[in-house]
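A.B. asks: Sequence plus the predicted model coming up.
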Amino acid sequence: MALIDLEDVGHRYAGAADAWALRPMTMTWNDGGAYALLGPSGCGKTTLLNIISGLIAPTRGKVLFDGRDVTTLPPEARNIAQVFQFPVVYDTMTVFDNLAFPLRNRGWDTARLRLRVEEVADILELRADLGRRARALSADQKQKISLGRGLVRPDVAAVLFDEPLTVIDPHLKWLLRRKLKQIHEQLKLSLLYVTHDQTEALTFADQVVVMSQGEMVQIGTPEQLFETPAHRFVGHFIGSPGMNFLPCEWRSGAATLAGVRVETSSKQAPPSGATLSIGVRPEYLELAATPGPNAVPVRIAAIRDQGIQTMVQLEVGASLAWAKLRNAGVALPSTAAFARLPPARCALYADERRVP
Amino acid sequence: MSSARPVNQRAWWFVLPVLISVAFSALVPLMTIVNYSVQDILGPDQAVFVGMEWYQEILRDPDLHGALYRQLIFTAAVLAIEIPLGIALALALPERGWRASLALVLLAMPLLIPWNVVGTIWQIFARGDIGLLGYVLTQLGIDYNYSQHPTDAWVTVLVMDVWHWTPLVALLSYAALRAIPEPFYQAARIDGASRWAVFRHIELPKMRGVLTIALLLRLMDSFMIYTEPFVLTGGGPGTATTFLSQYLTQKAVGQFDLGPAAAFSLVYFLIILLLCFVLYNFMKEQR
Amino acid sequence: MKAARKRSWLLLACYLVFTLAPIYWMVHMSLRNNLAITSTFAWFPESLSFANYLTIFTDPAWYGGYVNSIIYVALNTILSVTVALPAAYAFSRYSFLGDKHLFFWLLTNRMTPPAVFLLPFFQLYTAIGLMDTHLAVALAHMVFNVPLAVWILEGFMSAVPREIDETAYIDGYSFPRFFVKLFLPLIKAGIGVTAFFCFMFSWVELLLARTLTSVDAKPIAATMTRTVSAAGMDWGTLAAAGVLTIVPGALVIYFVRHYIAKGFAMGRV
């Protein structure tokens, strides 16, 4: 268990002198928290993970574990465990020997070692397989072994995951995810989970850190990220499909979309000269046949019935938006209609950022 | 691979090009050999079927026993030196950078020289009067003469083979090492593993497939070795460095006896086959 | 760690001296005349004479031989690797009737000296009219190179977890696209060494190359044997030719070094 502090930590890779892989950032990771680092390929999440684990020494800044400067310490001195994209197991050893390996290297005696290994094997539901050759197990079991080698050390402070479900069968992914959550609750370890899959991030973490192009764009709970994205990128990235952004104008103190005055949850006025748009999630758009407050005229361009929901593509002025409707037998108006934007569910975005 | 391979008979289509390119050119000679080996070819159109006679004659030939014995020792020595040395070199080479490139190019050079040139160069190289190696040894006071002392001839042929072929083992091992994903090394560091443990539990197991190939190749090729020792020592002094291949050539060419030569080719082939088969299964059992 | 690295450097340095000594001697010989080579010892050549090289470069047979060798060796390498890739994949990923036996049988083609194939090949290629062509030698060399290629590639392919194949199909890749864009980059090191070894074994094979060609496709190896004449062995020219035969192979290794030396990179495209 550790409080992890990053002070002005940034990283450039050798040979890419002018490109920050990770822009300087300062952040505290709470002891015992479950964090997800979410973002597309190349956003810097793996770099950040490797800096925390010690596989990379950052080109600037300091990393502190419980106030102790560990910036230059290698991973083996940091009390962390790391689980990689594919299972890393010692093929020639049994499951038991795999789990016992880190402890043997630290000189533990056999009796104490056996107790600990069996304890961890119980947590991971690997007890029955202890005597088997590691090589014979399936991918998800091997990932559990990888994880187990980390958990087996009692002084482990944090477990770092780098897209660990990449090679797991889809129907086993959720089982493993559930197991990780159980472990988090049971062992109270800090967990850092890197992924590009929003479902994994949103179901796993208490706090999600969204990253793009080397910087942290937003940190928040899954609800916060969904309801109030601080950045257009977060709006786009999270949700399926992502948030709609409709270009609008600011006239006489209010946002105007397709000629209609729209009230949003943004209380402040936007900075002058910024490109404005209104962000609203497809889940919250309501379709009506008649005009009303906060309702803009739209043209229905396409309808896709997906069973439990219907996706409707709308033309709002010159832009396109999606509405996601729960199939409750709502009769859709023909082509011309109105889309109502609930004021509490939409916000004004100036350039890339949300206007508070 | 964690689970069993799925059965898929359509995989035969993948293998077909290989089969065609190799099979027809292998089966025909094989049939020809078998054909010759059971006949006494007295002239272009006169052949008498003699059954197993050639086989019996050969297997009783003391020259064969001598050559086989020498060959077995030679091959054993070659494997014992080249495999560990090749692996050690692969471990010692840098992973990347210009130094790695330079080392790879230099290392590969002996492999690229035609084998008769290899023998020819060593012929001069090992001479006490005009060759670098021989001269240095003689200056150091060592009584060295590969054309007169059987032991010297043996050692020279062995060292020449090590010089020539260790790079093959080294290159294969090196490529296999580079194919090991970085996370394995990272995890080993986190687990606190020693360098030896990393070699034993990560590198060696992951190199096993490639090492099997290197072993089998060197076993086969050293068992068939002909050109280099022939050019260097001519099989001598006496028969000290006459290995199996040379024995076969002497029988076939020297005596114009196609029948026995064909029979021996087959026996030769079967010996190598047996050795490789045993080694291959031994390596597989190690899994 | 420092001590271990120093030992590595020591081993490497010693071995490189060992490897380069005969090569230095070959260069040394190539810069002298036959009389000097066979009579006197000298650490360095008394006078650097390029006469041997001149002999080679001005004799069209040598030059032509060089080019011919490169042509059929390149042809053979490409053919061998291309044909071996699908087969190696099948052996690595699937189980089918007779697969283990077939795999081992492939290697048996390398267990006989090529001399055994000499007469049958001669008859075969004469019959189909391919005598004295580069293709003939390239095809003939496939007998020992294809098994080698299949074995090496299979070894590298088996090191790639099969889960990657399955993940790719789930992601919607068709097999050809998966194979070319995802799989091949993962076995780069294997392809690199395979290409080099096919090149090398074909390059140094003398007997078949010499027998199956006469004029048009005569390889350099064949011209090497012309160095024995009435006056005795032409050591100098042979040494010079030896030096020159290293060059193409060195270039090949140089070009595939990135394939061999680079690590295994995982992750999605």
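C.D. replies: Cool, got the structure. For clarity, every value in this text was computed on a predicted model and none was experimentally measured.

A.B. asks: can you pull out the strands in the stretch 1-150 of chain C?
C.D. replies: Assigned by DSSP state E, counting those that start in this stretch, the strands in the stretch 1-150 of chain C number zero.

A.B. asks: can you map out the helices along it?
C.D. replies: Under the criterion DSSP state H, counting those that start in this stretch, helices of the stretch 1-150 of chain C are mapped to C:2-30, C:34-39, C:51-58, C:60-93, C:99-108, C:115-127, C:134-158.

A.B. asks: likewise chain B?
C.D. replies: Using DSSP state H, the helices found in chain B span residues B:11-37, B:53-59, B:62-92, B:98-112, B:115-125, B:132-139, B:150-178, B:182-190, B:195-198, B:204-223, B:227-233, B:244-249, B:255, B:258-285.

A.B. asks: Show me the one of the ones you listed that comes nearest chain A.
C.D. replies: helix B:182-190 (4.0 Å; CB to the nearest CB). C-beta coordinates here come from the backbone N, C-alpha and C atoms, glycine included.

A.B. asks: Show me what that closest one packs onto, helices and strands only.
C.D. replies: With contacts defined as 3 or more CB pairs under 8 Å, 6 or more residues apart in numbering or on different chains; DSSP states H and E, helix B:182-190 has these neighbours: strand A:80-83, helix A:139-151, helix B:195-198.

A.B. asks: For it, buried residues please.
C.D. replies: B:183-190 (16 or more other CB atoms under 10 Å in any protein chain shown).

A.B. asks: residues in contact with residue C:170?
C.D. replies: Listed by CB atoms under 8 Å, 6 or more residues apart in numbering or on different chains, the contact partners of residue C:170 are residue A:170.

A.B. asks: Look up the closest residue to residue A:61, ignoring the ones flanking it.
C.D. replies: Ranked by CB to CB, 6 or more residues apart in numbering or on different chains and with sequence neighbours excluded, the top spatial neighbour of residue A:61 is residue A:9, at 3.3 Å.

A.B. asks: Please, which helix or strand holds the one you found?
C.D. replies: Element membership of residue A:9 [criterion: DSSP states H and E] is strand A:4-12.

A.B. asks: residues contacting residue B:134?
C.D. replies: Applying CB under 8 Å, 6+ apart, the residues contacting residue B:134 are B:125-128, B:144, B:146.

A.B. asks: Count the residues that sit near the residue nearest to it when sequence neighbours are not counted.
C.D. replies: Nearest residue to residue B:134 in three dimensions, chain neighbours excluded: residue B:128, at 3.9 Å (CB to CB, 6+ apart). Residue B:128 is flanked by 20 other residues according to other CB atoms under 10 Å in any protein chain shown.

A.B. asks: what do you get for the one 4 residues further on?
C.D. replies: Using other CB under 10 Å, residue B:132 has 19 other residues around it.

A.B. asks: show me what contacts it?
C.D. replies: With CB under 8 Å, 6+ apart, residue B:132 has these contacts: B:125, C:21-22, C:24-25, C:28.

A.B. asks: Distance-wise, check residue A:185 relative to residue A:191.
C.D. replies: 11 Å (CB to CB, to the nearest Å).

A.B. asks: Neighbour count: the two, which is higher?
C.D. replies: residue A:191 (22 against 9).

A.B. asks: Specify the beta-bridge partners of that one.
C.D. replies: residue A:34, residue A:159 (DSSP bridges).

A.B. asks: where do the strands sit along the stretch 101-250 of chain A?
C.D. replies: Going by DSSP E, counting those that start in this stretch, the stretch 101-250 of chain A shows strands at A:158-162, A:190-195, A:207-212, A:215-220, A:244-247, A:249-251.

A.B. asks: Next, format these as JSON lines and append mean pLDDT.
C.D. replies: Output for the strands of the stretch 101-250 of chain A, formatted as JSON lines (pLDDT from 0 to 100):
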{"stretch": "strand A:158-162", "mean pLDDT": "89"}
{"stretch": "strand A:190-195", "mean pLDDT": "90"}
{"stretch": "strand A:207-212", "mean pLDDT": "90"}
{"stretch": "strand A:215-220", "mean pLDDT": "88"}
{"stretch": "strand A:244-247", "mean pLDDT": "89"}
{"stretch": "strand A:249-251", "mean pLDDT": "84"}
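
A.B. asks: Next, format those strands as TSV and append distance to residue B:102.
C.D. replies: As requested, the strands of the stretch 101-250 of chain A are arranged in TSV below (distance: least, CB to CB, whole Å):
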stretch	distance to residue B:102
strand A:158-162	34
strand A:190-195	38
strand A:207-212	40
strand A:215-220	40
strand A:244-247	55
strand A:249-251	65
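
A.B. asks: Of all those, which one is nearest residue C:66?
C.D. replies: For residue C:66, the closest of the strands of the stretch 101-250 of chain A is strand A:158-162, at 51.1 Å, according to CB to CB.

A.B. asks: Which other helices and strands does that closest one contact?
C.D. replies: helix A:45-53, strand A:80-83, helix A:139-151, strand A:190-195.
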